[in-house]
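Colleague: Need a 3D model of the following:
(one chain, ligands or ions: 2)
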Amino acid sequence: MILLFLLFIFISHVQTFLHFNNNTYIEQLPSTYFYSFIQPKPVPEPYLITINEELMSLLSISMIDRRQMAEYLSGNKLLSGSQPAAMIYAGHQFGYFTSQLGDGRAVLLGQLNQWAFHAKGTGPTQYARGGDGRAVLRSSIREYLASEAMFNLGIETTRALSLVGSVMLPVRREAIETAAIVVRIAPIVAFIRMGTFELFSTRGQYDQVQQLADFVIKNMYGKTLTNKNRYNLLLIDIAQRTGNLVAYWQAYGFTHGVLNTDNMNVIGSTIDYGPFGFVETKLQGYVPNHSDDESRYAFDQQPTIAAWNLAKLRLALNSLIDLPKPITEQYEFWLHFNRTYDKLMRKKLGLTYYMQSDKWLYEEIIRLLDLYHIDYTRFWRQLADDIIPIEIQKQHWYSVYKQRLASEGSYAKKIRRERMNRINPKYILRNYMAHVAIGKAQKGDFNELDRLLHLLRHPYDEQPDMNDYAQVSPEWAKKIIISCSS
Ligand code: AMP
Ligand code: MG
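Modeller: Ligands and ions are numbered 1, 2, ... in the order given. As a prediction, this is how the structure comes out:
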C-alpha cells in the first residue's frame with residue numbers, strides 16, 4: 001500500500017512537472033540524416049541554481065522539489081515523452097567551411113507544444129569531435145543572463161529555462177572549472193541553423209535539403225506549401241527576419257562575437273551566446289571575442305557578415321530555387337535591415353515622423369560617440385533628459401538635432417521622454433557585471449546572479465536602488481578577457 005502511494009507521488013511529480021507532448025523534429029525527419037539519438041551523460045550531484053519562473057508559468061510547468069528538477073534539467077533523468085537527440089549541421093566558421101558540426105555537447109530533450117527544450121552541456125555526442133561535451137558554469141551563466149537580458153530588451157532570442165550546476169564535475173578549459181547545464185527554449189525551427197542546410201547541400205544530398213526546407217516551412221508557418229516558388233519565399237523570409245534581427249543588434253549595441261553560419265538560425269533569433277558583448281565606449285571595431293584576431297565579427301561588421309552568411313544559405317538552397325528571376329536574399333536583407341534600423345534609431349532619438357535627413361542625425365551621433373568614447377547606452381538614456389555630454393553640445397549635430405525636435409511641433413516633451421525611455425534601456429548586461437556574478441557563483445554565492453536577473457528583467461524601468469549598474473563600467477573591467485572557451 002505504502003509502495004503504491006509512493007509510486008503515485010512519483011508519477012504525479014513527473015507528470016505535473018513537465019511532460020513532452022510533441023516531437024516534431026524526430027517525427028517529421030529521419031535520424032539517418034538529421035540527428036542521432038543520444039542519452040545525456042549523467043553529472044554528479046546536480047543542483048538547481050536558478051529556474052525561470054516566468055517562463056515556467058508561460059508554459060504551465062509547475063514547480064516540484066528542486067533536487068528533482070535538477071535531475072531532469074541536467075538530463076540525468078529523462079522527462080516523460082523525451083527522446084533526446086543531437087542535431088547535425090555544418091557551417092562556415094570564421095570564413096572557412098567545416099563540413100560537419102552538430103550538437104557536440106547539447107541535446108534536444110523534447111518538445112512541449114511548439115517549444116523545443118535544448119540542454120547544453122549534457123556530455124559528448126556523435127558530433128563532439130573530441131570535445132568533452134560539457135559547458136562550464138562561467139559560460140552557462142553568461143548564456144542564461146544574456147538570453148534573458150535580450151528577451152526583456154525586446155530582441156528575438158532563445159530563452160533560458162534553467163541553470164543546473166555540478167560542483168563535483170571538473171571541466172578543463174584554460175583552468176579547471178566546474179560543469180553546468182542550461183536548458184534553452186525556443187520554437188524548434190530556432191535550432192535549424194543556416195549551416196544545417198549547408199551540410200546537406202555540400203554533400204550533394206539535395207533530397208534532404210528539400211526535406212529540411214519543407215520541415216522549416218511547415219513548422220515556421222504552421223502549414224505545408226506546395227507552390228513552385230516556396231523555397232524562394234522561404235529564403236526571402238529568412239533574409240527579412242535576419243535583417244530585422246541584426247537591425248536590433250546594431251541599435252542596442254549587441255555584438256554576438258561568433259557569427260558563424262552554424263550560430264545563425266533560420267527563424268531570425270539570437271542563438272548560441274558565447275563571447276558576446278554590448279558596446280560601451282568603442283563602436284567601430286569593437287570585438288568582444290579575444291580569439292577573433294582579424295576582427296571578423298566586430299560590432300560594425302555584423303550586417304555585412306549576416307549578408308555574407310545569407311549568401312551561403314542561398315547557395316545551399318540553390319538546388320531548390322529554379323525560377324527565371326528569383327528575388328535575392330541580399331536585396332531583402334538590406335531592405336529590411338535598413339528599414340528596421342532606421343525606425344529604431346529615429347525612435348531612440350525621440351522622433352515620431354520620418355524625414356530623410358534623420359539618417360544623418362543617427363549616423364553622425366554614432367560617429368561622435370565613438371570619437372569621444374562616450375558610453376553608448378548611457379548617452380541614449382540621458383538624451384531624453386537633455387543631458388548631453390559637453391563634447392556633443394559643441395557639435396553642429398546638437399543644433400541640428402534641437403531644430404529637428406522643434407519641428408515635431410506640439411508633441412509634448414514629457415511624452416517624448418516616456419517614449420524614449422521605452423527604447424533606450426537604462427540597464428544592459430555589461431561584461432563586468434556578468435564577470436562579478438560569475439566570480440561569486442564559482443564560490444557558491446548566487447545572490448549577484450539573482451540580482452542581475454531581476455535587474456535585467458526590467459531594463460527600461462528606473463530602479464533607484466540599482467543605480468550603480470547604470471554607470472559606466474569600472475576601469476578594471478578593461479582587463480576582462482572573453483574568449484571562445486566555454
Ligand atoms: P560553439 O562555439 O559553442 O557554437 O560551438 C561550435 C561547435 O563546437 C558546436 O558544434 C558545438 O556543439 C561544438 N562544441 C563546442 N564545445 C564543445 C565541447 N566542449 N564538447 C563537444 N562539442 C563542443
Ligand atoms: Mg554554436
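
Colleague: what's near enough to touch Gly75?
Modeller: Each residue near Gly75 by C-beta atoms under 8 Å, 6 or more residues apart in numbering is listed here: 40-43, 84, 107, 109, 119, 122-123, 181. C-betas here are computed from N, CA, C, even on glycine.

Colleague: Equivalent analysis for Ile181, please.
Modeller: By C-beta under 8 Å, 6+ apart, the contact list for Ile181 reads 43, 46, 73-75, 119-122, 135, 140, 162-164, 166.

Colleague: if we take the residues you listed, which one ends up nearest to ligand 2?
Modeller: Of all the contacts of Ile181, ligand 2 sits closest to Lys120, with 9.3 Å by C-beta to the ion.

Colleague: Closest one of the contacts of Ile181 to Lys426?
Modeller: Using C-beta to C-beta, the shortest approach to Lys426 within those belongs to Leu163, at 25.0 Å.

Colleague: That closest one in helix, strand or coil?
Modeller: strand (DSSP: H, G, I helix; E, B strand; the rest coil).

Colleague: One more: Lys443?
Modeller: Assigned with three-state DSSP, Lys443 falls in the coil class.

Colleague: okay, now it: neighbour count?
Modeller: The tally of other residues near Lys443 (other C-beta atoms under 10 Å) stands at 7.

Colleague: What's the separation between it and Thr178?
Modeller: 11 Å (C-beta to C-beta, to the nearest Å).

Colleague: Then Trp397?
Modeller: From Trp397 to Thr178 the distance is 49 Å (C-beta to C-beta).

Colleague: Identify the residue spatially nearest to Leu453, adjacent ones excluded.
Modeller: Leaving aside its sequence neighbours, Leu453 sits nearest to Glu148 (C-beta to C-beta, 6 or more residues apart in numbering; 6.1 Å).

Colleague: again but with Ile176, I slipped
Modeller: Pro170 (5.0 Å).

Colleague: Same check on Leu429?
Modeller: Ala149 is the one closest to Leu429 (C-beta to C-beta, 6+ apart), at 4.4 Å.

Colleague: likewise Gly243?
Modeller: His336 (3.2 Å).

Colleague: Need the three-state assignment for the residue nearest to Leu453.
Modeller: Taken by three-state DSSP, the conformation at Glu148 corresponds to helix.

Colleague: Let me know how buried it is, in neighbour terms.
Modeller: Neighbours around Glu148, by other C-beta under 10 Å: 22.

Colleague: Then Ser410?
Modeller: With other C-beta under 10 Å as criterion, Ser410 counts 4.

Colleague: can you check Asn318 too?
Modeller: There are 15 residues near Asn318, going by other C-beta under 10 Å.

Colleague: Roughly how far does it sit from Thr32?
Modeller: Asn318 is 23 Å from Thr32, by C-beta to C-beta.

Colleague: Give me the below-cutoff pLDDT ranges for the stretch 1-150 of the chain.
Modeller: Applying pLDDT under 70 to the stretch 1-150 of the chain flags residues 1-16.

Colleague: Mind doing that once more with 90?
Modeller: Within the stretch 1-150 of the chain, the set of residues satisfying pLDDT under 90 comprises 1-18, 63.

Colleague: cool, the stretch 301-450 of the chain as well?
Modeller: Scanning the stretch 301-450 of the chain for pLDDT under 90 picks out the ranges 322-327, 408-414.

Colleague: where exactly do the strands run in the stretch 251-400 of the chain?
Modeller: Per DSSP state E, counting those that start in this stretch, the stretch 251-400 of the chain carries strands over the ranges 254-255, 277-278.

Colleague: Name every strand pairing with the last one and say which way it goes.
Modeller: Partner strands for strand 277-278, per DSSP bridges, with pairing direction: strand 254-255 (antiparallel).

Colleague: Need the residues that contact the strand it pairs with.
Modeller: With contact meaning C-beta under 8 Å, 6+ apart, strand 254-255 is reached by 150, 155, 248-249, 270, 276-279, 286-288, 297-299, 302.

Colleague: Could you tell me how many residues sit around His290?
Modeller: Neighbour count of His290, defined by other C-beta under 10 Å: 14.

Colleague: For it, give me the pLDDT.
Modeller: pLDDT, His290: 95.

Colleague: What's the separation between it and His256?
Modeller: Going from His290 to His256 by C-beta to C-beta gives 15 Å.

Colleague: Then His118?
Modeller: Applying C-beta to C-beta, the value for His118 to His256 is 18 Å.

Colleague: and if you look at Ile51?
Modeller: Counting by C-beta to C-beta - Ile51 and His256 are separated by 26 Å.

Colleague: Compare those two (neighbour count), which wins?
Modeller: Counting neighbours by other C-beta under 10 Å for Ile51 and for His256 shows that His256 has the greater number, 26 against 20.

Colleague: Enumerate every residue touching the nearest residue to that one once chain neighbours are set aside.
Modeller: In space, and not counting its chain neighbours, His256 is closest to Phe276: 5.5 Å by C-beta to C-beta, 6+ apart. By C-beta under 8 Å, 6+ apart, the contact set of Phe276 is 142, 146, 254-257, 288.

Colleague: one more time with 6 Å, if that's ok
Modeller: If you count contacts by C-beta atoms under 6 Å, 6 or more residues apart in numbering, Phe276 has them with 146, 256-257, 288.

Colleague: Tell me where the stretch 101-250 of the chain has strands.
Modeller: Using DSSP E, counting those that start in this stretch, strands in the stretch 101-250 of the chain cover 106-112, 115-120, 135-136, 159-172, 176-187.
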